[in-house]
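Peer 1: sequence plus the predicted model coming up.
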Amino acid sequence: MNWIDFGIRMFAALFLGGVIGLERQWRQRMTGLRTNGLVAVGAAMFIMMGGLIAGDGSQGRVAAYVVSGIGFLGGGVILKDGFNIRGMNTAATLWCTAAVGTLAGLGHLGLAAMGTAGVLAANLILRPVAHLINRAPVQEAEHEILYRLRCTCRTADEANIRTMLIQNVGRMPLALIALHSLDDELLARVNVKAYLKCIGPKEEALEQIVTRLSLESGVTAISWEVVAAVDAEDASITTSEELVRAS
């Protein structure tokens, strides 16, 4: 390889990497014009260096090292922001830029240009498509569900049970809409009945309330059930029996 071929391939890699980086720079991402240009140039020079090394398959071995090296470089731009991961698209772009530089270093300038067009298409054309898909609802509209919680306790513990029930419901995504007590004088027991409303199923919250109240020594029986589910769109009501059949 003479210096003219070397220069043509190197500057072609720089140009194509710069084209990819221009889009990143325009969107003010972490890696922009210079970074993508350098990645493409570096990949091209390593590949051309492999061609200068005596022995068959030298360029292939160098290309493998370039791929692994870009993997480490791409990993450095991936950041964890709370529960979100940022930089995945930037890392993938760097990986593709290295592939473009590798093709340019091998002398396949036409293929490198096609690769550049593919990277730009992924970053420019697929972006609005991804946003359009993200706007599509992934779940059906949740229903308004009415639960009934029943608790049987000793008459002397009624006030304490009602207070604890109200306090525990207040900590959950549930709304207490009715609370009734029915005395059983023969057995010295009180049946406390609460009606709770929420949007979407909240069985776990109800289980937590039941578990907490069942620890009280005065409680002899406690249970909950679905009374009805109301669809906010068509205002249709599904009884607990119908819900069981549907499931």
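Peer 2: Good, I have the coordinates.

Peer 1: who touches the lengthiest helix in the chain?
Peer 2: Counting residues, the longest helix found in the chain (DSSP state H) is helix 3-26. With contact meaning CB atoms under 8 Å, 6 or more residues apart in numbering, helix 3-26 is reached by 31-41, 43-45, 48, 90, 93, 96-97, 100-101, 104-105, 107, 109, 112-113, 115-116, 119-120, 123-124. Just so you know, the C-beta spots here come from the backbone N, C-alpha and C atoms, and that holds for glycine as well.

Peer 1: go with 6 Å
Peer 2: Helix 3-26 is contacted by residues 31-33, 36-37, 40-41, 44, 48, 97, 100-101, 104-105, 109, 112, 116, 119, 123 when judged by CB atoms under 6 Å, 6 or more residues apart in numbering.

Peer 1: walk me through the domains of this structure.
Peer 2: 3-135, 144-246 (automatic domain parsing).

Peer 1: end-to-end on stretch 47-58?
Peer 2: Counting by CA to CA, to the nearest Å, you get 9 Å between the two ends of stretch 47-58.

Peer 1: surely residue 181 touches residue 192?
Peer 2: Yes: here residue 181 lies in contact with residue 192, judged by CB atoms under 6 Å, at a distance of 5.3 Å.

Peer 1: of the two, who's got more company?
Peer 2: The residue with more neighbours, out of residue 181 and residue 192, is residue 192; 21 against 16, by other CB atoms under 10 Å.

Peer 1: and residue 96, what element?
Peer 2: Secondary structure assignment for residue 96, by DSSP states H and E: helix 88-105.

Peer 1: run the chain-centre distance for that helix.
Peer 2: Chain-centre distance of helix 88-105: 25 Å, with CA atoms, centre = their mean, to the nearest Å.
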